[in-house]
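# pasting a predicted model and its sequence here:
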Amino acid sequence: MPLGAGAQISLSSAVDLAEKNSPSVRGAVANVQKATAAWQETKDAYIPNLLMGVSPGYAYGFPLGYPSFFTANASSLVLSWSQKDYIRAARTAVNAANLSLKDAQQQVALDVALDYAELDHDLKEIAALEEENGYAGSLMQIEQERVQAGVDSRRNQLEAELTAAQVEQKRIQLENDADAMREKLARLTGLPAGGLATVSSSIPPAPAVDSFATIDAQTAQNNPAVSAAYANAKSKWYAALGDAKQNYRPLATFGAEYALFEETPGYTNYFRTFQYNNVELGVQITFPLFDATRRAKARESSADASRAGADADAALNILSEQTAAMRGSLRLLGAQQRVAEVQSAIAQMDLEAVKTELTNGAGTPNAAPVAPSQVHRAHIEERERYEDLLDTQFSLMKAELNLLRATGQLDAWVRSSLK
């Protein structure tokens, strides 16, 4: 199915569009903004706030409060043994949120790369099937003529028809799959699905299979999801440390207040002196000698931090097992691709030999001449082996992309096409 060049999109452009269009990425960006605001909130505790208010009203009888008409209050944290830990916890939480954002971006990049590579594979194989379909149609026509001439049996004609039907069946399956990949890419990128085509040259070559053999636990920690889990555990540990320091350590806060009093009728009868402008400021120091609630809170935070650390270790263990399994599958898929490469090369050589024999003769006395149907069968065989090679290449590519995703190297691979 021919596609216009205007509908083509490169892999890196598709990834960029998908990351901007992805709800999961937008949600992760919002989490980063929230964590950054929370970090700023913990730092701003040392900056005095300012509150102002007006209290107009009427008083009767003995004053129930100060006769203030206008007030201004300011307060801030002066000394806290816990606040530094809370700041570090919030700063580490920002790091965890950024890592989670990177993980969301890499998941989107993986989804796009897999769909893009599959669409590219489908389009290449459809093109090969179009050629194979032409040879199958010619073969069917030749066999029909030979059967009518009494040279071949009806079985030969049926076998040719079966080959043509199988080629058509596979072509329809691939066209359906290509349409499904276009729909997926359209949903990911926000582009229209109709006529969407790939740029094969924009797909970087996958790393050599042998290069993945050096992956170890340290490399696996480059996975942003695992790194985010460890950053989250570290943030909770800092928070637990801050909660523990809430006990037995002094806390100092600054406070200031200005009040403009009003001479409401009746106040002068109860106050010996009266003045309009009044100011009060000072530092309040508290010593938490015993607070069962805070002690329980510290134990709760410590347990929460321990659980987060255990979850991070479990995530790393699972990732290490997955990467080990993927390395093993890569070796097998690499071997399968090599087999397909050799089979494709042999089919190509056989085709060239048949074509040469058809043109120049067998070169052997009394040898039967090559029939045109043999050439078409050789063409069909060569195309089938080439399609098998495309299938093994795509299977290997999928495994390599998943391993790149697991080790945090997928984004660098996508961007390498721009160099």
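Looks like it came in fine. Residues are numbered from 1 along each chain as shown.
# so how far is residue 299 from residue 275?
In this structure, residue 275 and residue 299 are 51 Å apart, going by Cβ to Cβ, to the nearest Å. Glycine gets a C-beta too; all of them are placed from N, C-alpha and C.
# neighbour-wise, which of the two wins?
Residue environment comparison for residue 275 versus residue 299 gives the larger neighbour count to residue 299, 13 against 8, counting by other Cβ atoms under 10 Å.
# how close does the more buried one get to residue 48?
For residue 299, the distance to residue 48 equals 33 Å [Cβ to Cβ].
# please apply the same query to residue 143.
When distances are taken as Cβ to Cβ, residue 143 and residue 48 turn out to be 95 Å apart.
# so which of the two has more stuff around it?
Comparing residue 143 with residue 48 by other Cβ under 10 Å, the one with more neighbours is residue 143, at 24 against 14.
# for that one, what are its contacts?
Applying Cβ atoms under 8 Å, 6 or more residues apart in numbering to residue 143 gives the contacts 152, 156, 157, 159, 160, 373.
# confidence score at it?
At residue 143, the model reports a pLDDT of 85.
# can you check residue 316 too?
pLDDT, read off for residue 316, is 89.
# verify the contact between it and residue 228 for me.
No. Counting by Cβ atoms under 8 Å, residue 316 does not reach residue 228; the two are 11.7 Å apart.
# settle it for me: which of these two has more neighbours?
Set residue 316 next to residue 228 and count neighbours by other Cβ under 10 Å: residue 228 wins out with 23 against 19.
# which non-adjacent residue is nearest the more buried one?
Counting by Cβ to Cβ, 6 or more residues apart in numbering, residue 99 is the residue found nearest to residue 228 once chain neighbours are left out, at 3.6 Å.
# count the neighbours of the one you found for me.
For residue 99, the count of nearby residues is 23 (other Cβ under 10 Å).
# roughly how far does it sit from residue 198?
Counting by Cβ to Cβ, the gap between residue 99 and residue 198 amounts to 31 Å.
# name the residues of stretch 22-34 that are buried.
For stretch 22-34, the buried set under the neighbour-count rule, 16 or more other Cβ atoms under 10 Å, comprises 22, 24, 25, 28, 29, 31, 32.
# can you give me the strands in the stretch 201-350 of the chain?
If DSSP state E, counting those that start in this stretch is used as the criterion, the strands of the stretch 201-350 of the chain fall at 251-261, 277-286.
# deepest of those, which one?
Ranked by mean neighbour count under mean count of other Cβ atoms under 10 Å, the strands of the stretch 201-350 of the chain are led by strand 251-261, which reaches a mean of 16.
# centre of the chain to that strand, how far?
On the basis of Cα atoms, centre = their mean, to the nearest Å, strand 251-261 is displaced by 50 Å from the centre of the chain it belongs to.
# list the contacts of it.
Residues from elsewhere that reach strand 251-261, judged by Cβ under 8 Å, 6+ apart: 48, 66-81, 274-286, 288.
# for stretch 191-202, same thing?
Outside of stretch 191-202, the residues that reach it under the criterion Cβ under 8 Å, 6+ apart are 3-5, 7-13, 17, 116, 119-120, 123-124, 179, 182-183, 185-186, 417.
# let's see that with 6 Å instead.
Applying Cβ atoms under 6 Å, 6 or more residues apart in numbering, the contact partners of stretch 191-202 are 3-4, 7-8, 10-11, 116, 119-120, 182-183, 185-186, 417.
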